[in-house]
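[1] Sequence first, predicted coordinates after that:
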Amino acid sequence: MRSCGIKLLLLSVSLACPALALAQPAGPAPDTQAQIAALQQAVQSAQTSGDNAWMLVSAALVLLMTGPGLALFYGGLVRKKNILGTMMQSFAMMGLITIIWALVGYSLAFGQGNAFIGGFQHVFLRGVGLAPNLNYAPTIPEQTYMVYQLMFAIITPALITGAFAERMKFSAMAVFLSLWSIVVYSPMAHMVWGIGGLLNSVGGRFPSFDFAGGSVVHITSGVSALVTAIYLGKRIGYPKTVMPPHSLVLSFIGACLLWVGWFGFNAGSALNAGPLATSAFVNTHFAAAAAALGWTVAEWIHNGKPTALGAISGAVAGLVAITPASGFVQPMSALAIGLIAGVFCSFMVFEVKSRLGYDDSLDAFGVHGAGGTMGALLTGIFATSAINAVYGKDAAGKLLPTGGIDGNWHQMLNQTIGVGIAWSLSIVGTLVLLFVVDKVIGLRVSADDENAGLDLSQHGEEGYDLNS
């Protein structure tokens, strides 16, 4: 009876005050709910499509860096009897590392494991499908993420070839660098980028900032290059015999392709098509330009003339140095990093290399090892929460400082630890692999084969038929 009375009261109030009745909240009609759900799905699909498109383009740009970019850059710097042999080394990495990555490399780098290495759950790409992996890139298929990371795995060992250019057997190169990608690259990639990795900036024991591969790619390849150059010994006639580049035109084209491809390398590492990708894109370009200027001015002062080789070497040095910092710093900081890297790397090539006497044929260590190390340390100084608030907010909602410029100078210790681990792993891993491969199949070509050139002795063909 009481319930009926209440209902009659409400009905009478509604009839007396129709405006009040109209003001009562009501849930959306079923068709409206369906429209909202459809709209949300369309927005999500559009984001996925946009991010996936950018990441596939970025993957292609990074592959462009190896072939033709690095192949032309390195190929033009050697003597003409070695151009095909040198370019073939980069091309071989495109094939060999792809297979290794599919079989086991991706799993060791990005599978769930311990702080140092991933596991085996993704061998043969098991479980790597078209659905996103929420641990890494929630808006793109995991296969897209996998193939993007593959392009990094390809170019890294290819960079090492610059140190032993003109004197290593093709068979030894193939075995050594294939093993190197498993023993050195995959563990380093896991430590820096893998979930649970020792150096991962999110949750790692020593969070080290490496946005796009300063330590994973450039320090490992550059330091390994130095070790390989010293282990192999100098080319016949070095340094008394002049060994100038046979085609700076090819190297110039290669360097320009590297510059363009580097936008995929750095801006693609945002893993989406958002504002962070824009920041990394701008920083990449600014640093390359500043480093080209820095190297050119330093060379002008040192040798009395600015050279094309110096300018393109400086640009690459700037691209190397900004790689770890590209997603953490502001544009003016990128200019500073590039300028410092250009001057520093030119000093490593002009002074340190000549004083110590090692034969790093194409300055892989002077540019990548030195530039990567300097870039990693400078990242700790210039990283700012205004670009990438990697450490989140405090209880009051204020952004926590990221790098030294924000007041977090402790980050320099983390960066130094990351650099030290990259150096240590590269030295030990490279020495062990060189020793094993040398004992099993031999590393260096014979004196006769070296004098004939790698093109004829290793491949039975020549890059230029000047008699036709």
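    Yep, that arrived.
[2] all strands in the chain, in order from the N-terminus.
    Counting by DSSP state E, one finds no strands in the chain.
[3] Check which residues of the helix of greatest length in it are buried.
    For the chain, the helix with the greatest residue count under DSSP state H is helix 30-64. Using 16 or more other CB atoms under 10 Å as the test for burial, helix 30-64 gives 47-48, 51-52, 54-56, 58-59, 61-64. The C-beta positions use only the backbone N, C-alpha and C, and glycine is treated the same way.
[4] Kindly report the same for stretch 139-159.
    Quick answer for stretch 139-159 (16+ other CB under 10 Å): 139-142, 144-159.
[5] Helices - which of the residues you listed land there?
    Taking DSSP H as the definition of helices, these contribute 142, 144-159.
[6] could you measure the nearest residue in space to residue 449 that is not next to it in sequence against residue 170, distance?
    Leaving aside its sequence neighbours, residue 449 sits nearest to residue 457 (CB to CB, 6 or more residues apart in numbering; 3.5 Å). Distance, residue 457 to residue 170, by CB to CB, to the nearest Å: 9 Å.
[7] out of those two, which sits in the more crowded spot?
    Counted by other CB atoms under 10 Å, residue 457 and residue 170 do not tie: residue 457 has more neighbours, with 19 against 16.
[8] Neighbours of residue 229, how many?
    Residues near residue 229, counting by other CB under 10 Å: 25.
[9] Setting the sequence-adjacent residues aside, check what's closest to it.
    residue 163 (4.2 Å).
[10] and what of residue 117?
    Nearest non-adjacent residue to residue 117, counting by CB to CB, 6+ apart: residue 187, 4.8 Å away.
[11] Please apply the same query to residue 250.
    Closest to residue 250 by CB to CB, 6+ apart is residue 76, at 3.2 Å.
[12] quick one: contacts for that neighbour?
    83, 245, 246, 247, 248, 249, 250, 251, 252, 253, 254 (CB atoms under 8 Å, 6 or more residues apart in numbering).
[13] Keep only those of those residues that are in helices.
    Going by DSSP H, the helices hold 83, 248, 249, 250, 251, 252, 253, 254 from the contacts of residue 76.
[14] Could you report the separation of residue 83 from residue 257?
    16 Å.
[15] Tell me which of the two has more neighbours.
    Counted by other CB under 10 Å, residue 83 and residue 257 do not tie: residue 83 has more neighbours, with 25 against 21.
[16] I figured that one hits residue 74, correct?
    No - assessed by CB atoms under 8 Å, residue 83 is found out of contact with residue 74, at 9.1 Å.
[17] So, low pLDDT: which residues of this protein?
    Per-residue confidence for the chain (pLDDT under 70) gives these ranges: 1-30.
[18] Just give me the residue right at the centre of it.
    Residue closest to the mean C-alpha point of the chain, counted by CA atoms, centre = their mean, is residue 213 at 3.6 Å.
[19] Which residue is the nearest non-sequential neighbour of that one?
    Nearest to residue 213 is residue 323, by CB to CB, 6+ apart, at 5.4 Å.
[20] neighbours around the one you found, how many?
    33.
[21] quick one, what contacts it?
    Neighbouring residues of residue 323 by CB under 8 Å, 6+ apart: 211, 212, 213, 214, 217, 218, 262, 265, 266, 372, 375.
[22] distance of the first one from residue 247?
    Spelled out, that is residue 211. Distance of residue 211 to residue 247, computed by CB to CB: 34 Å.
[23] out of these two, which sits in the busier spot?
    Neighbours were tallied for residue 211 and for residue 247 using other CB under 10 Å; the higher tally belongs to residue 211 (27 against 18).
[24] if I look at that one, how far off is residue 368?
    16 Å.
[25] repeat for residue 254
    15 Å.
[26] Between these two, which has more neighbouring residues?
    Neighbours per residue (other CB under 10 Å) separate residue 254 from residue 368, with residue 368 holding more: 32 against 25.
[27] Leaving aside the residues adjacent along the chain, what's closest to the more buried one?
    Using CB to CB, 6+ apart and skipping residues adjacent in sequence, the residue nearest residue 368 is residue 222, 3.5 Å away.
[28] Report the contact partners of that neighbour.
    By CB under 8 Å, 6+ apart, the neighbours of residue 222 are 159, 364, 365, 367, 368, 369, 370, 371, 372, 373.
[29] Contact partners for the fifth one?
    Counting by CB under 8 Å, 6+ apart, residue 368 touches 159, 217, 218, 219, 221, 222, 225, 320.
[30] One more pass at 6 Å, please.
    159, 218, 221, 222, 320 (CB atoms under 6 Å, 6 or more residues apart in numbering).
[31] Could you check how far it is from residue 275?
    In terms of CB to CB, residue 368 sits 29 Å off from residue 275.
[32] Repeat that for the fourth one.
    Noted for residue 367: a distance of 30 Å to residue 275, by CB to CB.
[33] Residue 231 - nearest residue in space that isn't next to it in sequence?
    residue 434 is the one closest to residue 231 (CB to CB, 6+ apart), at 5.0 Å.
[34] Tell me, how many residues neighbour that neighbour?
    Residues near residue 434, counting by other CB under 10 Å: 21.
[35] Residue 106 touches residue 148, doesn't it?
    No - the criterion here is CB atoms under 6 Å, and residue 106 misses it with residue 148 at 10.9 Å.
[36] Quick check: the residue nearest to the centre of the chain vs residue 448, distance?
    39 Å.
[37] swap in residue 337?
    Counting by CB to CB, the gap from residue 337 to residue 448 is 46 Å.
[38] Who has more neighbours out of those two?
    Ranked by neighbour count (other CB under 10 Å), residue 337 and residue 448 place residue 337 first, with 30 against 8.
[39] Run through the residues that contact residue 201.
    207, 209, 390.
[40] Please indicate which of the contacts of residue 76 are buried?
    Listed as buried from the contacts of residue 76 are 83, 245, 246, 247, 248, 250, 251, 252, 253, 254; burial here means 16+ other CB under 10 Å.
[41] quick one: the first one and residue 463 touch, right?
    Spelled out, it's residue 83. Yes - taking CB under 6 Å as the definition, residue 83 is a contact partner of residue 463 at 4.0 Å.
[42] Which neighbours do these two have in common?
    Common neighbours of residue 83 and residue 463 (CB under 6 Å, 6+ apart) do not exist.
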